[in-house]
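In: need coordinates for the following:
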Amino acid sequence: MNALIAIIRRDLLLVMRRKSEALTALFFFVIVTSLFPLGIGADAVLLKKIAPGVIWVAALLSTLLGLQRMFAADYADGTLEQLVLSPNAFSGLVFGKIFAHWLVAGLPLVLLAPLIGIQFGLDFDSIKVLMAALLLGTPVLSLVGSIGAALTLGVRGGSVLMSLIILPLYIPVLIFGAGAVYSNSAGMDISGYFSLLGALLILALAFVPWVSANAVKIAIE
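Out: Alright, predicted model coming up:
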């Protein structure tokens, strides 16, 4: 546990020293979601209808922007090799790096969701559902994205290859996350969507750190 906390704290300190990289993804999310109301106009019905899909796609793409940096810097300076040789479970250390990525790239999106929802004219209940869906879905984005980041570690043009690998895996999260908000707006039951998002999160927590850890070991070797 001490090693897990230490790796999270270390990654957060490194992010604080390179604030521009973290802020770029957040600005991308805010700018993309803000452009749609400006481009479409004041059609409140249309804005409310497209809001869940637009917000989730923007969240997906903004999360994707920071994935390449999850392991790249530590791979370049040899830190990953030291972590592999440490007595602590490497999969646990990888989970710490994934969690730190979510704190920087995922949690702020959840906190910004009310502001973005107001721009699209979402009501209070829809905004609550959107925040809850993002709270369940964005960790899955970081977890699954770590697999792509690990598989393309040290590969030339790895960001493009990583996008091709990861984007199809993001589709279920996108469908269930946006579907929960759509169903709430239509007065339908949303428990099924949250159950599926929760199941995806549990499966990702159970298997992804181990898969990503082994992919990193292969890249190092």
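In: which residues sit against stretch 142-156?
Out: By Cβ atoms under 8 Å, 6 or more residues apart in numbering, the residues outside stretch 142-156 that reach it are 63-64, 67-68, 70-72, 75, 94, 97-99, 101-102, 105-106, 158-159, 161-163, 165-166, 169-170, 173, 201, 204-205, 208-209, 211-213, 215-216, 219. For glycine as for every other residue, the C-beta is placed from the backbone atoms N, C-alpha and C.
In: actually stretch 17-29, not the one I wrote
Out: 15, 58-59, 61-63, 65-66, 69, 104-105, 108-109, 112, 116.
In: again, only this time at 7 Å
Out: By Cβ atoms under 7 Å, 6 or more residues apart in numbering, the list of residues contacting stretch 17-29 from outside reads 15, 58-59, 62, 65-66, 69, 104-105, 108-109, 112.
In: now do the helices in this protein.
Out: Applying DSSP state H to the chain gives helices spanning 2-17, 19-40, 44-65, 72-77, 79-85, 90-105, 107-119, 124-151, 158-185, 191-220.
In: okay, now residue 70: neighbour count?
Out: 25 (other Cβ atoms under 10 Å).
In: possible to save the helices of the chain as CSV with mean neighbour count and mean pLDDT?
Out: Output for the helices of the chain, formatted as CSV (neighbours: other Cβ atoms under 10 Å; pLDDT from 0 to 100):
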stretch, mean neighbour count, mean pLDDT
helix 2-17, 14, 82
helix 19-40, 15, 84
helix 44-65, 20, 88
helix 72-77, 15, 78
helix 79-85, 15, 81
helix 90-105, 22, 89
helix 107-119, 18, 90
helix 124-151, 23, 92
helix 158-185, 19, 88
helix 191-220, 17, 91
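In: export stretch 29-41 to CSV, keeping only CA atoms.
Out: The C-alpha trace of stretch 29-41 is given here as CSV (Å, rounded to 0.1, in the frame of the first residue of the first chain):
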residue,chain,number,x,y,z
PHE,A,29,-12.8,18.9,-23.5
VAL,A,30,-14.2,22.3,-22.7
ILE,A,31,-13.6,23.8,-26.1
VAL,A,32,-15.1,20.9,-28.1
THR,A,33,-18.2,20.7,-25.9
SER,A,34,-18.6,24.5,-26.0
LEU,A,35,-18.3,24.7,-29.8
PHE,A,36,-21.4,22.6,-30.4
PRO,A,37,-23.9,25.0,-28.8
LEU,A,38,-22.3,27.9,-30.7
GLY,A,39,-22.4,26.1,-34.0
ILE,A,40,-25.9,24.6,-33.8
GLY,A,41,-27.6,27.6,-32.3
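In: from the chain's centre, how far out does stretch 71-79 sit?
Out: Here the centre of mass of C-alpha atoms in stretch 71-79, compared against the chain's by Cα atoms, centre = their mean, to the nearest Å, lies 21 Å away.
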